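Enquirer: This is a predicted model, with the sequence first.
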Amino acid sequence: MTTAQEIRQQFLDFFASKQHYIVPSAPIVVKNDPTLLFTNAGMNQFKDYFLGNKPAPHPRVADTQKCLRVSGKHNDLEEVGVDTYHHTMFEMLGNWSFGDYFKPKAIAWSWQLLTEIYKIPKEHLYVTVFEGDAKEGLPKDEEAMTEWKKYVPESHILMGNKKDNFWEMGDTGPCGPCTEIHADTRTEEEKKLVSGASLVNKDHPQVIEIWNNVFIQYNRKKDGNLEPLPAKHVDTGMGFERLVRVLQNKQSNYDTDVFSGTLAATEKITQKKYTAGNDKISVAFRVIADHIRAIAFTIADGQLPSNTGAGYVIRRILRRAVRYYYSYLEYKQPLLYQLLPALAEQFAHVFPELLKQQDFVTKVIKEEEEAFLRTLDKGLKRMDNIIASAKNKMVSGQDAFELLDTFGFPIDLTRLIASENNLTIDEAGFEAEMQQQKNRSRAATAMDTEDWNIVQEGNSKGFVGYDSLETKTKVLRYRKVKTKGKELYQIVLEQTPFYAESGGQVGDTGTLNIQNFPITIIDTKKENDLIIHFAEKIPAELSGDVLAIVNKERRKNITVQHSVTHLMHAALRQILGKHVAQKGSLVNEEHLRFDFSHFAKLTDEELAAVEKMVNEKIRQNIPVVIKSMKKEEALALGAMALFGEKYGDVVRVVTIDPNYSVELCGGTHVGNTGEIGYFKIKSESAVAAGVRRIEAVSGAAADKLIQSISAELYSLRSLLKNPKESIKALEDLMAQNGQLSKRIEALEARQLVAIRSELLQKDEIINNVTFIGQVIEVPNADALKKLCFDLKNHLHDYIVVLCGNVGGKAHVAIGISDTVVAAKNLDAGKIIKELVSPAINGGGGGQKNLATAGGQNAAGFAALIQQIKELL
């Protein structure tokens with residue numbers, strides 16, 4: 001049997017033989033693209049070439065790309081694992097032509113690879129061709145039809161509608177017809193009964209699409225119209241897992257060696273058997289085998305689980321896997337992290353980043369599992385309460401949504417538990433809650449983008465601001481965007497000195513002077529690799545020469561913070577160990593924030609050592625040497641490359657002493673370390689499992705911080721009457737304060753004993769219950785609670801109501817013996833909420849036998865005590 005690894009290599013070797021340049025997979029986590037959280041198709045890393053933002057360095061490329069999908073057609077997360085051929089993370093094998101070959105070669109090579117190299121029987125394959133769309137004015141794809149007739153009988157060529165056979169990047173942008181190749185993997189007996197042609201694109205589990213060839217020949221405008229592209233492109237994608245299934249003659253993707261190692265490891269850990277059926281245990285195995293890949297590779301590429309954005313998607317996927325092994329494999333401890341060794345080894349040759357970070361990824365997953373297992377236990381207790389209070393034998397939609405949103409329970413788990421208790425779910429109510437959440441999410445991220453207005457034809461030459469902060473240039477295009485109710489303009493220049501936000505460094509601000517009209521640039525960002533300048537106002541005419549001027553002072557301060565980040569990164573690796581790797585950063589004009597892999601809180605001594613080493617490097621005034629070179633040459637020099645970053649063939653290497661710091665970096669830097677001035681750490685904290693964060697300042701910001709600390713220190717010394725030894729004086733003062741506090745506590749305790757004795761003399765017996773209700777003077781509100789608790793040791797069947805005016809505020813404490821709670825059905829917490837809080841214009845709560853409240857109105861204590869007394 002041909003292995004998955006061999007199948008992947010055969011694809012790459014085939015297209016290399018057709019003069020395709022083999023490129024590495026882009027990170028699965030997308031940066032600089034506001035339309036995507038994750039790479040969801042092989043073409044994502046090539047969008048700039050399709051959009052015409054920059055020329056392609058190679059006219060033909062091929063690769064295998066890590067992709068992740070959790071929504072959209074065929075990609076509902078809750079269906080993954082239930083069927084046998086959809087996944088969250090998957091590999092997309094692809095070949096591309098950028099204005100080079102088109103339909104004839106793309107179709108011929110597809111057929112050659114599948115039938116001659118992979119040797120799939122021709123009669124098992126069906127192809128689809130775009131049938132045209134009268135409404136859009138799109139003709140039938142006659143060219144593709146003509147080409148396919150050279151290889152495929154017409155009975156195996158099917159016409160497809162716009163939904164299935166016309167591909168679009170989004171609401172606007174490049175698009176075109178596509179031709180799909182489907183494989184019929186049913187048994188010969190089944191094929192005789194029903195023609196495969198009738199099952200194409202019908203979600204049949206054994207008649208599946210394996211390859212899609214997209215022919216990009218149009219551009220979709222904002223108004224919906226299509227215009228032909230000057231250069232035509234080919235964009236193909238073949239699902240690797242499906243291809244392996246077909247070539248290994250399996251009925252399920254999970255039966256192939258892509259997943260068999262993970263399934264075997266799960267069997268060994270859980271002592272359960274995978275039977276490849278539709279039962280819940282088999283589904284749980286498939287969910288785990290699929291989800292661990294998505295979780296592990298996204299973390300390795302730099303995305304940690306969190307409560308927002310891409311991090312929340314990963315958390316959802318991880319929690320779904322935990323729920324399945326917890327509920328159906330009866331495994332109640334972390335499982336996923338134990339699968340990392342097998343997974344990392346399996347992909348070591350194609351995606352080595354996971355093996356290189358195995359310890360870190362393992363630690364993150366394990367801690368995330370442990371946290372959710374605790375939450376899951378709380379969720380099951382919440383479910384018990386919901387079941388107990390369910391009306392009309394139904395769990396409300398609001399409760400079902402709360403279980404999903406707060407405790408991570410998928411609706412199918414809630415349904416299962418409900419059915420076991422003879423309950424149903426208010427499905428309509430649940431869907432309504434889900435829709436509201438989706439609407440809120442869309443509203444928060446919605447951006448209305450108009451078409452580009454072309455001012456001057458041509459491609460942007462990109463960033464020229466390393467050496468100059470002023471540049472003569474021209475506006476190439478602009479467009480209007482609306483987001484969160486604010487209207488902005490995006491401007492693209494022929495060349496720009498403005499640094500666009502990337503690599504943790506914020507974007508530049510400044511001005512564009514056009515015909516004596518100054519345009520204020522409030523930010524600069526990248527959309528893919530296109531540099532976009534943001535402005536709130538623009539003139540009516542944007543043609544002509546432009547003088548682009550960056551805010552020099554702000555850039556200088558940002559540059560200082562960025563260079564010192566490199567010094568700190570190197571110091572952390574020397575002091576803590578080589579396991580330290582950057583996991584995120586923010587560099588602006590005011591401070592720097594640096595996230596890095598490390599598994600323990602830094603001690604004061606370690607932080608001091610980092611500061612000392614960085615400041616020594618600053619004082620040495622080391623030249624910062626920046627060179628561009630081939631990536632392989634840079635890595636051979638020992639340059640640090642960040643996981644999850646996409647690098648080109650030529651990289652920029654920033655060296656601050658070859659024996660100290662050598663990093664790949666596209667940011668701006670000082671000429672010599674002496675320009676940084678001074679470095680000071682402000683704080684160190686944890687941000688996620690295995691990830692620490694340092695916030696620090698340098699340059700002018702460090703001066704401000706030191707001045708602030710000095711001013712505070714002088715003020716403290718002044719308050720202490722300027723002692724010779726400030727720390728000793730403060731320690732003496734604290735010791736004296738501690739002694740006085742103990743004396744006060746002792747006096748208060750004696751006072752409470754005296755008050756308790758007085759209260760015991762004022763009790764009443766009402767219906768065999770001892771009642772004490774008094775307004776008393778106490779030193780603090782907590783004394784009321786202490787007295788209630790203390791009286792418990794001197795009374796049996798009782799109610800105690802104590803009120804006090806402390807500092808002009810009303811305070812009340814109620815104590816009730818357990819016997820009276822049971823016999824009289826009284827609840828101190830309920831009395832506080834229903835009687836006391838409204839009376840004193842405040843709030844409070846507590847347990848059935850002890851509760852307290854605080855409020856603004858201390859005038860009605862007597863009436864309140866009488867009201868509670870009447871409950872007896």
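Expert: Ah, there it is. Numbers count the residues shown, from 1 in each chain.
Enquirer: Please make it C-alpha for all contacts and neighbour counts, starting now.
Expert: Fine.
Enquirer: Contact partners for Arg554?
Expert: Taking Cα atoms under 8 Å, 6 or more residues apart in numbering, we find Arg554 in contact with Asp508, Glu589.
Enquirer: and the gap between it and Ala700?
Expert: 11 Å (Cα to Cα, to the nearest Å).
Enquirer: Over to Phe297?
Expert: 40 Å.
Enquirer: Who has more neighbours out of those two?
Expert: Phe297 (25 against 19; other Cα atoms under 10 Å).
Enquirer: right, and the more buried one touches Leu354 too?
Expert: Yes - with contacts counted by Cα atoms under 8 Å, Phe297 reaches Leu354, the gap being 6.5 Å.
Enquirer: Now the element after the helix ranked longest in the chain, going C-ward?
Expert: Taking DSSP state H as the criterion, the chain has its longest helix at helix 726-760. Going down the chain from helix 726-760, the next helix or strand is strand 764-766, by DSSP states H and E.
Enquirer: after that following strand comes which helix or strand?
Expert: Next along the chain from strand 764-766, counting by DSSP H and E, comes strand 769-775.
Enquirer: burial count for the spatially closest residue to Met394 that is not a sequence neighbour?
Expert: Nearest residue to Met394, sequence neighbours excluded (Cα to Cα, 6 or more residues apart in numbering): Thr424, at 4.8 Å. The tally of other residues near Thr424 (other Cα under 10 Å) stands at 19.
Enquirer: Verify the stated contact: Thr424 with Arg415.
Expert: Yes - using Cα under 8 Å, Thr424 makes contact with Arg415 at a distance of 7.0 Å.
Enquirer: Can you give me the distance of the residue nearest to Met394 to Pro177?
Expert: For Thr424, the distance to Pro177 - Cα to Cα - is 45 Å.
Enquirer: One more: Leu263?
Expert: Counting by Cα to Cα - Leu263 and Pro177 are separated by 39 Å.
Enquirer: can you give me the strands for the stretch 201-350 of the chain?
Expert: If DSSP state E, counting those that start in this stretch is used as the criterion, the strands of the stretch 201-350 of the chain fall at 207-220, 226-239.
Enquirer: Correction: the previous question concerned the stretch 501-650 of the chain.
Expert: Remark: strands assigned in the stretch 501-650 of the chain by DSSP E, counting those that start in this stretch are 510-514, 517-527, 530-535, 545-550, 582-587, 592-597, 625-630, 650-656.
Enquirer: how much space is there between Ile288 and Leu335?
Expert: From Ile288 to Leu335 the distance is 9 Å (Cα to Cα).
Enquirer: actually Ile522, sorry about that
Expert: On the measure of Cα to Cα, Ile522 and Leu335 end up 48 Å apart.
Enquirer: And these two? Which one has more around it.
Expert: The neighbour count for Ile522 versus Leu335, taken as other Cα under 10 Å, is higher for Leu335 (21 against 15).
Enquirer: ok, back up a step: so what's the residue nearest to Met394 up against?
Expert: By Cα under 8 Å, 6+ apart, the contact list for Thr424 reads Lys393, Met394, Val395, Arg415, Ala418.
Enquirer: Tell me which of those fall in helices.
Expert: Judged by DSSP H, the contacts of Thr424 include Arg415, Ala418 as members of helices.
Enquirer: Go ahead and build a PyMOL selection from the buried members of the contacts of Thr424.
Expert: In PyMOL, this line selects whichever of these come out buried by 16 or more other Cα atoms under 10 Å:
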select buried, resi 394+395+415+418
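Enquirer: nearest to Pro104, of the contacts of Thr424?
Expert: Arg415 (51.8 Å; Cα to Cα).
Enquirer: ok, now how distant is the closest one from Lys484?
Expert: 37 Å.
Enquirer: the strands in the stretch 1-150 of the chain, which residues?
Expert: 21-22, 60-68, 89-98, 125-130.
Enquirer: Export those to JSON lines and append columns for mean neighbour count and distance to Tyr660.
Expert: Formatted as JSON lines, those follow (neighbours: other Cα atoms under 10 Å; distance: least, Cα to Cα, whole Å):
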{"stretch": "strand 21-22", "mean neighbour count": "18", "distance to Tyr660": "34"}
{"stretch": "strand 60-68", "mean neighbour count": "25", "distance to Tyr660": "34"}
{"stretch": "strand 89-98", "mean neighbour count": "24", "distance to Tyr660": "38"}
{"stretch": "strand 125-130", "mean neighbour count": "25", "distance to Tyr660": "58"}
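Enquirer: Ok, which of these comes nearest Glu834?
Expert: When the strands of the stretch 1-150 of the chain are ranked by proximity to Glu834 (Cα to Cα), strand 60-68 comes first, at 52.5 Å.
Enquirer: Could you pull up the mean pLDDT of the closest one?
Expert: Average pLDDT, strand 60-68: 95.
Enquirer: That strand vs strand 226-239, what angle?
Expert: Orientation check (axes from the mean of the first three to the mean of the last three Cα atoms, to 10 degrees): strand 60-68 against strand 226-239 gives 70 degrees.
Enquirer: Contacts for strand 60-68, please.
Expert: Contacts for strand 60-68 (Cα under 8 Å, 6+ apart): 8, 12, 15-16, 19-28, 38-42, 88-98, 100, 294.
Enquirer: contacting residues around the nearest residue to Ala108 once chain neighbours are set aside?
Expert: Closest residue in space to Ala108, ignoring its immediate chain neighbours: Glu147 at 7.8 Å, by Cα to Cα, 6+ apart. Shown in contact with Glu147 (Cα under 8 Å, 6+ apart): Lys103, Pro104, Ile107, Ala108.
Enquirer: In PyMOL, how would I select the buried members of the residues you listed?
Expert: Remark: buried members of the contacts of Glu147, expressed as a PyMOL selection using 16+ other Cα under 10 Å:
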select buried, resi 103+107
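Enquirer: export the contacts of Glu147 to TSV and tack on pLDDT and distance to Asp763?
Expert: Shown next, in TSV, are those (pLDDT from 0 to 100; distance: Cα to Cα, whole Å):
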residue	pLDDT	distance to Asp763
Lys103	96	98
Pro104	96	101
Ile107	97	97
Ala108	97	100
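Enquirer: would a markdown table of the contacts of Glu147 with distance to Asp133 be doable?
Expert: Below are those laid out as a markdown table (distance: Cα to Cα, whole Å):
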| residue | distance to Asp133 |
| --- | --- |
| Lys103 | 20 |
| Pro104 | 22 |
| Ile107 | 22 |
| Ala108 | 26 |
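Enquirer: Now flag whichever of the contacts of Glu147 is closest to Asp48.
Expert: Lys103 (21.5 Å).
Enquirer: correct me, but the closest one touches Ala144?
Expert: Yes - taking Cα under 8 Å as the definition, Lys103 is a contact partner of Ala144 at 6.3 Å.
Enquirer: ok, back up a step: please work out which of the strands of the stretch 501-650 of the chain is packed deepest.
Expert: strand 530-535 (a mean of 24; mean count of other Cα atoms under 10 Å).
Enquirer: residues making contact with it?
Expert: Contacts for strand 530-535 (Cα under 8 Å, 6+ apart): 48, 53-54, 460, 462-463, 488-493, 500, 519-526.
Enquirer: Could you do stretch 221-241 as well?
Expert: 8, 41-43, 50, 85, 90-103, 106, 171-173, 210-220, 253, 258, 450-451.
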